[in-house]
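Undergrad: generate coordinates for the sequence data below:
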Amino acid sequence: MQIKHLLLTAFLGLSVAPNVLYANESHLGWNLTSLPVYKNLEIRYAHNQKSESKEITLFSHGIGGTADQALHYMINDTFCTQWVATFDYADAPARIGKKNTYTGFAQQGEIDCFKAALKETIALNPQGIHLYGVSNGASTIINALDQLILEGQDLSLIRSVVLESPYADVNDCMRAFANQLMIAPTFFIRFLAKRWFKKLDFSKNKPLNAVSTLHALKVPILFIALDTDSIVPFSSTLKLYAALKRVSFDLTDMIAINNRANGSTEMHVDHLVIKTIGAEHSVHHANIMTPTTIAAVQDFYAKLPQHHGQQNVEASNNIGILERIKNLVH
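TA: Next up is the predicted model:
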C-alpha cells in the first residue's frame, strides 16, 4: 500500500466506519425514486411504510460514506420523520481514494451540492424540513446555511438541525491526526492533505466563522460529539457549540457521548453545561447506534415545537410528499 493511501486510511478511521447498506426496495421503501437536480447529483427519497407525513429529513453524509449512510438512522428510528431525502456528495462512493480530488472538507463544491439538495427538498413544499449531518456532512450544513442566510433565502421550512461530529476548522483534524501519528508534524500532514485532496483550502469556509449565523433560523440545533473521538476532536465540535450557544442560548444544545459510564451526567466547560451519556457499547466517530444514544436524539426531537401546518398554505400542501415526487418524475 502506498504511504498516501496508508495515511488517508488512518486519517479517516476507516476501520470504524459503519458497513455500507446498499439501497433497494427492501429497505423501508428506500430508493423510491431518484431525481437528477444538480450536475450529477440525484436526490433519493425514502419513506417508512406508507406514510402521509408531510415533514421530511434531509440527510448529509460524511466522508467515506454514501447516501446509504442514512439507512443506519432510518432502521434504528433515529429521525423524527417518516420521510427522508438524501444524496451522494461528489466524493462518494465509500471507496476512499477513488474520488479524493472531489473532497474539499466543506468547501464550495460540497456547499453547492447541499444547497441544491435543500432547494429541491423545499420545492416539495413539505410542512417542515429537519436537517441531519454527519462529520464532514455536518460541517457542510453549517457553511451552506450561513451562505443561504446571508443571501436572504427563505428557510422558514427548516424545523431543526442535528450536527453529529462536525469540525470547527479542518486544521483541528489535521493537528489531531499529527498527534496520533507522532512521526510527522502538523505542517507535513497539511502538506500531504493538500496534495491529496485537491479542493481542500485551509483558509476558506471554516465552520467556526459561519456557525453563529445559524441563530437567524430560530430553530433548535443539537450538536453531538464523542469525547474520545480520534477523527474530529471533541474540542473542535465544542468550539462550534460554544460559539452558537452564546447567541442562541435557548435553542442550542449538545450531547457528549462517552464509552466509560452508563447513565446521564453533566459536563461543565467554560460555564457551559453539557449533557453526557454513556453508550452501552463502544461507539466511534460518526457512529452513534446504541439504544441510549439514539434515545437522546429522539428526546431532542420530542421536545421540538409542534407545527400544525403553515398559515395560508398552498392547496398543493394537502397532497402527500409521495404524490409530489411522482408529479416531479412525470
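
Undergrad: give me the neighbour count for Q147.
TA: Neighbourhood size, Q147 [other Cβ atoms under 10 Å]: 17. In this view, the C-beta of every residue, glycine as well, is placed from N, C-alpha and C.

Undergrad: that one and T213: what is the separation?
TA: In this view, Q147 and T213 are 9 Å apart by Cβ to Cβ, to the nearest Å.

Undergrad: do the same with T252
TA: 13 Å.

Undergrad: check S248 too.
TA: 10 Å.

Undergrad: quick one on the thing from earlier: so T252 and T213 - more neighbours on which side?
TA: Legend: neighbour count by other Cβ under 10 Å for T252 and T213, higher for T252 (23 against 18).

Undergrad: go ahead and confirm that one touches L244.
TA: Yes: using Cβ atoms under 8 Å, T252 is in contact with L244, at 4.9 Å.

Undergrad: need the overlap of contacts for those two.
TA: I221 (Cβ atoms under 8 Å, 6 or more residues apart in numbering).

Undergrad: quick one: contacts for L150?
TA: T213.

Undergrad: what's the answer for L304, then?
TA: Neighbours of L304 in contact, by Cβ under 8 Å, 6+ apart: C80, R159, S160, P220.

Undergrad: any chance of CSV for the residues you listed, columns neighbour count, distance to M174 and secondary structure?
TA: What follows is those, written out as CSV (neighbours: other Cβ atoms under 10 Å; distance: Cβ to Cβ, whole Å; DSSP: H, G, I helix; E, B strand; the rest coil):
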residue, neighbour count, distance to M174, secondary structure
C80, 20, 35, coil
R159, 24, 34, strand
S160, 23, 31, strand
P220, 20, 31, coil
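
Undergrad: could you report the neighbour count for A295?
TA: Around A295 there are 13 residues (other Cβ under 10 Å).

Undergrad: over to A67?
TA: Per other Cβ under 10 Å, the neighbour tally for A67 reads 25.

Undergrad: same question, the one 3 residues further on
TA: Neighbours of A70 under the rule other Cβ under 10 Å: 28.

Undergrad: tell me how far it lies from C113.
TA: 15 Å.

Undergrad: strands along the stretch 201-330 of the chain, start to end?
TA: For the stretch 201-330 of the chain, applying DSSP state E, counting those that start in this stretch gives strands covering 221-226, 252-258, 264-269, 272-278.

Undergrad: among these, which is nearest K303?
TA: Of all these, it is strand 252-258 that lies closest to K303, at 9.2 Å by Cβ to Cβ.

Undergrad: sheet-wise, list the partners of the closest one with their directions.
TA: Applying DSSP bridges to the sheet, strand 252-258 is found paired with strand 221-226 (parallel), strand 272-278 (parallel).

Undergrad: turn the ones you listed into CSV, columns for distance to I75, mean neighbour count and mean pLDDT.
TA: What follows is the strands paired with strand 252-258, written out as CSV (distance: least, Cβ to Cβ, whole Å; neighbours: other Cβ atoms under 10 Å; pLDDT from 0 to 100):
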stretch, distance to I75, mean neighbour count, mean pLDDT
strand 221-226, 18, 25, 96
strand 272-278, 21, 17, 88
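
Undergrad: between those strands, which one is nearest to A256?
TA: When those are compared for distance to A256 using Cβ to Cβ, the nearest one is strand 272-278, at 4.5 Å.

Undergrad: just the CA trace of that closest one, in CSV.
TA: C-alpha atoms of strand 272-278 as CSV (Å, rounded to 0.1, in the frame of the first residue of the first chain):
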residue,chain,number,x,y,z
LEU,A,272,-21.5,25.7,29.7
VAL,A,273,-23.4,22.7,30.9
ILE,A,274,-23.4,19.7,28.6
LYS,A,275,-25.4,16.6,28.9
THR,A,276,-23.2,13.5,28.9
ILE,A,277,-24.5,10.0,28.2
GLY,A,278,-22.7,6.7,28.3
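
Undergrad: count of residues packed around K204?
TA: Residues near K204, counting by other Cβ under 10 Å: 12.

Undergrad: go on, E151?
TA: When neighbours are counted by other Cβ under 10 Å, E151 registers 8.

Undergrad: and it, what does it touch?
TA: Listed by Cβ under 8 Å, 6+ apart, the contact set of E151 is empty.

Undergrad: mind checking pLDDT for it?
TA: Per-residue confidence (pLDDT) for E151: 96.

Undergrad: give me phi/psi at it?
TA: When read as degrees, to the nearest 10, the backbone of E151 gives phi -80, psi -10.

Undergrad: how near is it to K204?
TA: Relative to K204, and taking Cβ to Cβ, E151 is found at 17 Å.

Undergrad: and P166, by the same measure?
TA: Noted for P166: a distance of 17 Å to K204, by Cβ to Cβ.

Undergrad: neighbours of D112, just the number please.
TA: What D112 shows, counting by other Cβ under 10 Å, is a neighbour count of 17.

Undergrad: could you list the buried residues of the helix or strand harbouring it?
TA: If you go by DSSP states H and E, D112 is part of helix 108-123. For helix 108-123, the neighbour count (16 or more other Cβ atoms under 10 Å) marks 108-118, 120-122 as buried.
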